[in-house]
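> Any chance you can model this:
(2 chains)
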Amino acid sequence: MEFLQSFDWMQLLKCFVVGGLICVIGQILIDKTKLTPARILVLFVTTGAILGGLGIYQYLVDFAGAGATVPLTGFGNNLAKGAIEGVKESGIVGAFTGGVKASAGGIAAAVFFGYIASLISKPKMKKQ
Amino acid sequence: MKPLDTKKGYQDYVDKKSPNSPILKNCFNAFWVGGLICSIGQVILFICKQRGLDTQTSGTIVSIILIGISAFLTGLNIFNRIGKLAGAGSLIPITGFANSIVAPAMEYKSEGYVMGVGGKMFTVAGPVLVFGISASIIVGLVYLIFNSQSITLV
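Sure thing, here's the model as predicted:
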């Protein structure tokens, strides 16, 4: 009960709306253009990295929290932000280490869980 | 029915008969599923923050949990049912990234566990990582050039 009272419901609403709208942009791209899902994923990550590099995406993160960080644009933003942090810390080497360092958890989890899940997966059933 | 002798007439006929792509319905489904996935992330983020973790670590934990869940849901053939309903709603969040790793790996399981599963995992995720990481390096280098006076080159 205490948890529910302390919970920031306004933040959750903002997160829901912004996260939903980012997905709607993707849906419009799928329906209106001939882009394959793979290209759309690449497009979103790259857009996020550019917006993150320009410092624009941070405003959206401050506003919507997970609504901005969970979509793949947030992954791109995280990479770009990490690269800038890296440059501040260790100069030119940081440009190469920072981005991957900041998103290492996500990448490693994707590789690890992805492999395990593929191993335990059931073969696809043919539709009748 | 009139005979369809001209190309224009045929095109009109096809347009009339083929079902309209229900873009509004798709967008609505993408909106609420995408919003819901982000909201799950927000709840995890909130729990992490309450336990006194910093923003960076909390964000990483959110990614790991969402990636883990969607990887296993893909392996159990549940995720593609959600994806059929939601379209971009489950593709654009980080869950789509995990799905894009597991889905091709499952297809090529018969080619072996090293080159089949291990190799095909990256048919979609590979380009995402290539462009994402390259973009981040360019951002870092551009930042370095424009702020070279304020930082020390190692």
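> how much space between residue A:76 and residue B:126?
Remark: distance between residue A:76 and residue B:126 (Cβ to Cβ, to the nearest Å) = 16 Å. Placement of C-beta: from N, CA and C, glycine included.
> Then residue A:5?
Plainly put, residue A:5 is 46 Å away from residue B:126 if you go by Cβ to Cβ.
> who has more neighbours, those two?
residue B:126 (15 against 6; other Cβ atoms under 10 Å in any protein chain shown).
> in what helix or strand does that one lie?
Taking DSSP states H and E as the criterion, residue B:126 maps to helix B:122-146.
> Let's test this: mean pLDDT of that helix, rounded?
Across helix B:122-146, pLDDT averages out at 93.
> go on, stretch B:61-73?
Mean per-residue pLDDT for stretch B:61-73: 94.
> Point to the helix or strand of chain B where mean pLDDT is at its lowest.
Across the helices and strands of chain B, mean confidence by mean pLDDT, DSSP states H and E is lowest for helix B:7-17: a mean of 72.
> whoops, chain A was the one
Of chain A's SSEs (mean pLDDT, DSSP H and E), minimum confidence goes to helix A:2-6, a mean of 69.
> if we can go back for a sec, quick one: name whatever helix or strand follows the least confident helix or strand of chain B.
Next along the chain from helix B:7-17, counting by DSSP H and E, comes helix B:23-50.
> so where's chain A shaky on pLDDT?
Within chain A, the segments meeting pLDDT under 70 span A:1-4, A:123-128.
> Which parts of it are helices?
Residue ranges of the helices in chain A, as given by DSSP state H, are A:2-6, A:9-32, A:37-53, A:57-64, A:66-69, A:72-90, A:92-102, A:104-120.
> list the helices and strands the fifth one packs on?
Going back to what we said before, that points to helix A:66-69. With contacts taken as 3 or more Cβ pairs under 8 Å, 6 or more residues apart in numbering or on different chains; DSSP states H and E, helix A:66-69 sits against helix A:9-32, helix A:57-64, helix A:72-90, helix B:23-50, helix B:55-75.
> phi, psi of residue A:56?
Torsion angles at residue A:56 (phi, psi; degrees, to the nearest 10) stand at phi -80, psi -40.
> which residue sits closest to the most centrally placed residue in chain B in space, ignoring its chain neighbours?
Most central in chain B under Cα atoms, centre = their mean is residue B:96, positioned 3.0 Å from the mean C-alpha point. Distance criterion Cβ to Cβ, 6 or more residues apart in numbering or on different chains; nearest residue to residue B:96, sequence neighbours excluded, is residue B:90 at 6.0 Å.
> Look up how far residue B:16 lies from the one you found.
According to Cβ to Cβ, residue B:90 stands 32 Å off from residue B:16.
> Looking at these two, which has the bigger crowd around it?
The neighbour comparison of residue B:90 against residue B:16 (other Cβ under 10 Å) goes to residue B:90, with 26 against 7.
> Now render the helices of chain A as TSV, adding distance to residue B:75.
Compiled in TSV, the helices of chain A are given as follows (distance: least, Cβ to Cβ, whole Å):
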stretch	distance to residue B:75
helix A:2-6	32
helix A:9-32	23
helix A:37-53	19
helix A:57-64	30
helix A:66-69	24
helix A:72-90	21
helix A:92-102	26
helix A:104-120	4
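> Buried deepest among those helices, which one?
Counting by mean count of other Cβ atoms under 10 Å in any protein chain shown, helix A:66-69 has the highest mean neighbour count of the helices of chain A, with a mean of 29.
> Alpha carbons only: can I get that helix in PDB?
The C-alpha trace of helix A:66-69 is given here as PDB (Å, rounded to 0.1, in the frame of the first residue of the first chain):
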ATOM      1  CA  ALA A  66      11.300   4.800 -19.400                       C
ATOM      2  CA  GLY A  67       9.000   6.000 -22.100                       C
ATOM      3  CA  ALA A  68      12.000   7.400 -23.900                       C
ATOM      4  CA  THR A  69      14.700   4.900 -22.700                       C
END
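> So which residues make contact with it?
A:14-20, A:22, A:57, A:60-61, A:74, A:77-78, B:35, B:38-39, B:41-42, B:44-45, B:59, B:62 (Cβ atoms under 8 Å, 6 or more residues apart in numbering or on different chains).
> let's see 7 Å
Here helix A:66-69 makes contact (Cβ atoms under 7 Å, 6 or more residues apart in numbering or on different chains) with A:14-16, A:18-19, A:57, A:60-61, A:74, B:38, B:41-42, B:45, B:59, B:62.
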